[in-house]
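Peer 1: fold the following, please.
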Amino acid sequence: MNLTPKNKAGKPTRKQKGFVSGSSAPEQKISMRVVEESGKPIQATFNRTKSSPFGLFSHDTAERLQRSGPNEVAHDKAPHALVQLVLAFKNPFVIVLLILATISYILDVYLAEPDDRSWKGVVILLTMVSISSLLRFFQEYRSNKAAERLKSMVRTTATVLRRSNDAANPKRQEIPMRELVVGDVVSLQAGDMIPADIRLFSSRDLFISQAVLTGEALPVEKYDTLGAVAQKSADATVDSQADLLDLSDICFMGTNVVSGTATAVVVATGANTYFGSLAKNVVSHKRIETSFDRGVSSVSWLLIRFMLVMVPIVFMINGVTKGDWMSALTFALAVAVGLTPEMLPMIVSANLAKGAMAMARRKVVVKRLNSVQNFGAMDVLCTDKTGTLTQDKIILERHLDINGDKDESILQLAWLNSFHQSGQKNLMDIAIVSHADERGAAAKPVQYSKIDEMPFDFVRRRLSVIVQDQDGAQLMVSKGAVEEMLAVCSHTQEGNEVRPLDGTARAALLEKAQEYNEEGYRVLIVATRQIAAANAKAQYKTEDEASLVVRGFLTFFDPPKDSAAPAIRALQEYGVAVKVLTGDNAIVTLKVCRDVGLDPGTPLSGQEIEAMSEQQLNEAVKYTTVFAKLTPLQKSRVVKALQANGHTVGFLGDGINDAPALRDADVGISVDSGADIAKETADIILLEKSLMVLEEGVVKGRETFGNILKYLNMTASSNFGNVFSVLVASAWLPWEPMLAVHLLIQNLIYDISQMMLPWDKMDEDFLKKPRKWDAGNIRRFMIWIGPTSSVFDITTYILMWTVFGAGAMYAADGGSAGQSIMNSGWFIEGLVSQTLVVHMLRTRKIPFIQSTAALPVLLSTAIAIAIGCYLPFSPLAESIGFVALDKSYFYWLVATMGGYMILAQTVKTIYIRRYGQWF
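Peer 2: This next block holds a predicted model:
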């Protein structure tokens, strides 16, 4: 999330990089505090924060935490339960119903004669509003509570120095980031998020990514010196605030360490940080709508526009044909209610919450509920290689000289490098140290002491450590990727003989490394540089990595996971293409891909991507499966190129280098063991890094989306059919085919039957393909399927008019007896057909034979049909205008429903053949 506005070039303007005139008072105060800290003697900062380089005492931290509150910025969180209850009523469909209830009150109670006043319509409408909104509130309240519990499972920590009351020596501790307080001393290394606003008092080659604050892609170097920082005072000018983010000894909360190490003291936490002040403004603004939000909105307004067109038509036809404009208005309002899918908010909330909880049982933490649907819509999964396709367990297989012969001295040099580096030890460092431990003391030259290091970064792709022997001579030991190491080497060493690294020797080393790669090994080169005591230094820079001597190779093996091959097959069966985006070399990646059954094709390297235009890359990603030796920004470019081609892209990553791609993907997926910045950026957290878990998540996401689509399609089509039937009846019958109260009762019963749809199951063939919102298909579906029920509504009018005597009664006295028969007959037929449509439309197969709904749906629809059939025979019948029908009616009803199901299935089959889809 970029919090800073940008100019047309995409970069922050000078004024936008820091707080400038026009900032709010709290922001001014925060910036002044940080400016005041920067550039002064570090002891002044320790004095102000009442701390020391050894950290705080434990009892001090508890008091400070209680006084200042947790180290948290304003963030999206569930509002109070009462606020959630009010918001549950904030929906266009609920608002429509409340407006209709108000109009019904005016017509039926306020303007009606005392003997004609009726609260039935108002009560039914308010009941529908209450059921929809209260169920939505219950689902969202429960899902918010569940989401908070799930998020608490993903811990973001900081490394601090703390002292107990009776100990002088500090101990390094991992604590939750929210428990950090001003004065805490924190240790930082590559991959860490900056946990608060801090001032550095020691650092080594520290590079910080401030993209979250500035939008600048390149990291900036930070120091613990006064050099580049001008002395700042409490009365610093506004102009100096524009340089706030340029302060070289201050790091800001929310940024992250790209490379290097540092120790720093916390000067501000929570809302008092730079990030915290910005976050207040961000949270106060409306979140940008996701594709899911836009999809729901587009469908909602489609249905509202349909209602605004059809209701006036019904009103005019009834008013003209019946001559009773007040009755026509009441009936038109009831039709409007019938066209309102008031249960949509509840259905959406229930489906998303149910999907999130189901995914939680599969060890998937959903941080944002809407990402459940995006997960199901994903059709391309971009993933790293290590730990996903492979076991994430690197083994040091061999340590070889430049000729490929085993050499114990190479292991010793590798141990010196890996053991003494203070940054984030990667799997290869761990493998080297573990292998040396197994070999014993001979593999560990302990006579050396560490002097300095140049930490690993993703540009240099190497790590150097400088050690010193007892005589004062120093040795630089470097290890890293083959090409990057050869770029800073000038000689090779075989035994005691050192030779220049000419073209022939370079080609031989590259060929040897490629042989190892083709065998499936990851290869590093080890190189050294002797530094005489006279030239020794206490601190080195990356520029000193020059004129190194190649000593040998390290080969590592990361075996593929047993589950990788079946997981990839499963994802492909569900229409998800898997693409590998890795910083590793192409040859190793290709072999691993083949081992797990993934056809790698021709790989694309980061260097090739760098030379491509956006249009060229958009075309290249269509046919490429493996992208190798990528930088973080190149991973992000690949994700954006896939999105530009119309794909819904998921990205699975756990490292700091994955953060840009995680942010830009439609669904960012990380793991609980990933880097802090990766977990903060992701939408979904896997508690188990497995492609099989992803496949299960995709299926659950599609089930969730499918059940939402079911409701929309069923409701839209059945409502359209009802309106079509009403138009025909209004033009033909001498009275309304049903009273307004009948339409309201019918709609209420139908809504209750729909409440179980989130618990329905989806057909396997629906789950095989990714799905997206398509308002056009819903419109088409509604126009095709809706009139099928109208055919049998019309036959029911004819049946009630002729066979059951409604027409004869009207001819005899023109009274209401015929209308009551017509109303009762069409009420039952309309409700039964509308409820049966759930089973007809929930599947593209033959219902009850090839596909049967889940038990909750079967029960809810059966109960709705039973209530509808009983009402005209119940004690309430007379009070609501129904009469008991002859029992022979139900034989006709069975025949009518049989014909309806046959016609609906026939139209469904034609529709699928013509358009190739159902939902």
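Peer 1: and residue 899, how many neighbours does it have?
Peer 2: 13 (other Cβ atoms under 10 Å). Bear in mind the C-beta positions are built from the backbone N, C-alpha and C, glycine included.
Peer 1: shift numbering so it begins at 56
Peer 2: OK, 56 is where the count begins now, so the last one is residue 954.
Peer 1: grab the nearest non-local neighbour of it.
Peer 2: residue 847 (6.3 Å; Cβ to Cβ, 6 or more residues apart in numbering).
Peer 1: isn't the one you found up against residue 956?
Peer 2: No: between residue 847 and residue 956 there is no contact under Cβ atoms under 8 Å: 9.8 Å.
Peer 1: can I get stretch 144-159 as CSV, trimmed to CA atoms?
Peer 2: Listed next in CSV are the C-alpha coordinates belonging to stretch 144-159 (Å, rounded to 0.1, in the frame of the first residue of the first chain):
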residue,chain,number,x,y,z
PHE,A,144,-28.9,-2.1,7.3
LYS,A,145,-26.7,0.0,4.9
ASN,A,146,-27.5,-1.8,1.7
PRO,A,147,-29.3,-0.6,-1.4
PHE,A,148,-31.8,-3.5,-1.3
VAL,A,149,-32.6,-2.9,2.4
ILE,A,150,-33.0,0.8,1.8
VAL,A,151,-35.4,0.0,-1.1
LEU,A,152,-37.5,-2.2,1.3
LEU,A,153,-37.5,0.5,4.0
ILE,A,154,-38.7,3.1,1.4
LEU,A,155,-41.4,0.6,0.3
ALA,A,156,-42.4,0.0,4.0
THR,A,157,-42.8,3.7,4.5
ILE,A,158,-45.0,4.1,1.4
SER,A,159,-47.0,1.0,2.5
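Peer 1: figure out the length between the terminal residues of stretch 586-604.
Peer 2: In stretch 586-604, first residue to last residue: 12 Å (Cα to Cα, to the nearest Å).
Peer 1: show me what counts as buried in it.
Peer 2: The neighbour-count check on stretch 586-604 (16 or more other Cβ atoms under 10 Å) flags 586, 595, 597, 599, 600, 603, 604 as buried.
Peer 1: A helix includes the last one, no?
Peer 2: No: going by DSSP: H, G, I helix; E, B strand; the rest coil, the assignment for residue 604 is strand, not a helix.
Peer 1: isn't it right up against residue 543?
Peer 2: No: Residue 604 sits out of contact with residue 543 when judged by Cβ under 8 Å, with a separation of 10.7 Å.
Peer 1: now for residue 765: which residues touch it?
Peer 2: Going by Cβ atoms under 8 Å, 6 or more residues apart in numbering, residue 765 touches 812, 815, 896, 897, 974.
Peer 1: make it 6 Å
Peer 2: Shown in contact with residue 765 (Cβ atoms under 6 Å, 6 or more residues apart in numbering): 812, 897.
Peer 1: element containing it, please.
Peer 2: helix 746-787 (DSSP states H and E).
Peer 1: any stretches of the stretch 756-905 of the chain with poor pLDDT?
Peer 2: When residues are selected by pLDDT under 70, those of the stretch 756-905 of the chain lie in 868-870.
Peer 1: roughly how far apart are the residue lying farthest from the centre of the chain and residue 944?
Peer 2: Centroid-distance maximum for the chain: residue 867 at 67.4 Å, with Cα atoms, centre = their mean. Distance from residue 867 to residue 944, counting by Cβ to Cβ, to the nearest Å: 21 Å.
Peer 1: ok, which stretches of the stretch 156-305 of the chain are strands?
Peer 2: Here the stretch 156-305 of the chain has its strands, by DSSP state E, counting those that start in this stretch, at 212-218, 226-231, 240-243, 252-264, 275-277, 305-306.
Peer 1: nearest to residue 403, out of these?
Peer 2: Closest to residue 403 of those, according to Cβ to Cβ: strand 226-231, at 33.4 Å.
Peer 1: quick check: angle from that closest one to strand 212-218?
Peer 2: With axes from the mean of the first three to the mean of the last three Cα atoms, to 10 degrees applied, the angle from strand 226-231 to strand 212-218 works out at 140 degrees.
Peer 1: surely the residue farthest from the centre of the chain is within a helix?
Peer 2: Yes: assessed by three-state DSSP, residue 867 belongs to a helix.
Peer 1: in which helix or strand would I find residue 847?
Peer 2: Applying DSSP H and E, one finds residue 847 within helix 830-857.
Peer 1: now residue 611
Peer 2: Going by DSSP H and E, residue 611 is in strand 603-612.
Peer 1: and residue 377, what does it touch?
Peer 2: So residue 377 contacts nothing (Cβ under 6 Å, 6+ apart).
Peer 1: if you set the cut-off to 10 Å instead, what comes out?
Peer 2: 383, 386, 785, 788, 789, 790, 791 (Cβ atoms under 10 Å, 6 or more residues apart in numbering).
Peer 1: that concludes my questions; thank you for your assistance.
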